[in-house]
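[1] A predicted structure for the sequence below; I have some questions about it.
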Amino acid sequence: MQTKHKLASLGLALAMSMAGASAFAQVMVGGASMLPSKDIIDNAVNSRDHTTLVAAVKAAGLVDTLKSAGPFTVFAPTNAAFAALPAGTVDTLLKPESNAMLSGILTYHVVAGKMDAAALTKAIAAGNGKATLKTVAGGNLTATSAMGGVTITDEKGGAAKVTIADVYQSNGVIHVVDKVMLPK
């Protein structure tokens, strides 16, 4: 079993490092170049796949936080991920009276520090196939690997697949995910 974990970790490390090799090239997200010289917000506003996330960050008053020095690791849900939530959820969350709940959900997608694919791979291997990530919101996410990719599982058991890894920013790294993760 130990050998199987080592082989899986090695395969994941190779796949993610190959994906990370493009870190020095321009990474495209949502039809826009993500420039490592720009911060998380300045890049995210250009991605047409993250307009809901950007609107939510603005509504929650987190723009200045995500423009600060960081570093941060952001698991960034796409518009499709937000659209998959129950009908009316996003509209409700964007209301001023839902600010605390929205802020809690958004900061649940943020981990302090810069955890790129190589660091995630190393943490997963060290944890015998899973890594627990402490979020800025105070909750936990669990990272696992399968078939050359990484899945992030929230405290409610929802699983998000990392669809684009290692989108480097001046103040951290973004990993695009296909689901909105929810704290307890």
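    Great, that's in hand.
[2] this structure: helices as residue ranges?
    2-20, 40-44, 51-59, 63-67, 79-83, 89-93, 99-107, 117-126 (DSSP state H).
[3] leaving out chain neighbours, which residue sits closest to residue 99?
    Nearest residue to residue 99, sequence neighbours excluded (Cβ to Cβ, 6 or more residues apart in numbering): residue 60, at 6.0 Å. Just so you know, the C-beta spots here come from the backbone N, C-alpha and C atoms, and that holds for glycine as well.
[4] can you pull the pLDDT of the one you found?
    pLDDT, residue 60: 89.
[5] residue 3 now?
    With respect to pLDDT, residue 3 scores 47.
[6] picking that back up, for the residue nearest to residue 99, give me its contacts.
    For residue 60, the contact set (Cβ atoms under 8 Å, 6 or more residues apart in numbering) comprises 99, 102, 103, 106.
[7] next one: residue 54
    Contacts of residue 54 (Cβ under 8 Å, 6+ apart): 41, 44, 45.
[8] ok, and the most crowded of those residues?
    Of all these, residue 44 has the most neighbours under the rule other Cβ atoms under 10 Å, reaching 26 neighbours.
[9] give the contact list for that residue.
    Residue 44 touches 50, 53, 54, 57, 76, 174, counting by Cβ under 8 Å, 6+ apart.
[10] which one of these is nearest to residue 113?
    Residue 113 lies nearest to residue 174 out of those, by Cβ to Cβ, at 13.5 Å.
[11] tally of neighbours for the closest one?
    Using other Cβ under 10 Å, the number of residues around residue 174 comes to 25.
[12] any idea what it is bridged to?
    On the basis of DSSP bridges, residue 174 is bridged to residue 74, residue 167.
[13] that one touches residue 76, doesn't it?
    Yes. Using Cβ atoms under 8 Å, residue 174 is in contact with residue 76, at 5.0 Å.
[14] before we move on, the earlier item: tell me which of the helices of the chain sits most buried.
    helix 40-44 (a mean of 23; mean count of other Cβ atoms under 10 Å).
[15] CA atoms of that one as CSV?
    Taking Å, rounded to 0.1, in the frame of the first residue of the first chain, the C-alpha atoms of helix 40-44 are listed here in CSV:
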residue,chain,number,x,y,z
ILE,A,40,-5.3,38.3,-7.1
ILE,A,41,-8.0,40.9,-7.6
ASP,A,42,-6.4,42.7,-10.6
ASN,A,43,-6.1,39.3,-12.4
ALA,A,44,-9.6,38.0,-11.3
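[16] how far out from the middle of the chain is it?
    Put simply, helix 40-44 sits 13 Å off its chain's centre (Cα atoms, centre = their mean, to the nearest Å).
[17] same question, stretch 90-109
    With Cα atoms, centre = their mean, you get 17 Å for stretch 90-109.
[18] what's the average pLDDT for that stretch?
    The average pLDDT for stretch 90-109 rounds to 92.
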